[in-house]
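J.: structure for this input, please:
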Amino acid sequence: MRKGFLITLLAFLALFLAACVGEDDSAVELDGPVLQTENLDGSVDFNGAVENTADFPVQSVYVVIFIKDSDGNALAVTSSLVEEGDTLDPSESFFFTASFDNLPPEAHSKEVQIYYDLVEE
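T.: Reported below is the predicted structural model:
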């Protein structure tokens, strides 16, 4: 009886851990690399595209870019609303540009996060 209980408990724990470790898939993902362009006035643009990989439309898609130092601390942040007021249908892509007036000298890396709302029917 004890052996059966342990096997059941181990099976339950394995399923629980697998559910917790599973990836949290986003409906909107980057569609290729985010390219950095430095302008003559010192401003910096990040250009890229997002794609709706789900089978339902989304709206109010924001791309947020964090500039971080070598220790992973956020130094600057900017966001870009992708196609204001438009919905992003399944398999549809839109381009975005997120701009900074200038980058801090300690800038080491960037992190991109994407936020969106579901289209209410």
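J.: hey, let's count contacts and neighbours off CA atoms from now on
T.: Fine.
J.: and stretch 50-62, how far apart are its ends?
T.: End-to-end distance of stretch 50-62: 10 Å, with C-alpha to C-alpha, to the nearest Å as the criterion.
J.: starting at the chain centroid, how far to that stretch?
T.: Relative to the chain's own centre, stretch 50-62 is displaced by 12 Å; criterion: C-alpha atoms, centre = their mean, to the nearest Å.
J.: contacts for it?
T.: The contact list for stretch 50-62 (C-alpha atoms under 8 Å, 6 or more residues apart in numbering) reads 26-31, 79-96, 114-119.
J.: give me the pLDDT for L6.
T.: Note on L6: pLDDT of 43.
J.: strands of the chain, start to end?
T.: 28-30, 35-38, 44-52, 58-68, 74-88, 93-100, 109-118 (DSSP state E).
J.: show me where the chain dips below the pLDDT cut-off.
T.: The model of the chain has pLDDT under 70 over residues 1-24, 84-85, 121.
J.: quickly note the distance from the residue lying closest to N39 once chain neighbours are set aside to G32.
T.: Take N39 and drop its neighbours on the chain: the residue closest to it by C-alpha to C-alpha, 6 or more residues apart in numbering is D45, 7.7 Å away. Going from D45 to G32 by C-alpha to C-alpha gives 16 Å.
J.: okay, these two: which has more neighbours?
T.: Neighbour count, other C-alpha atoms under 10 Å: between D45 and G32, D45 has more, with 19 against 10.
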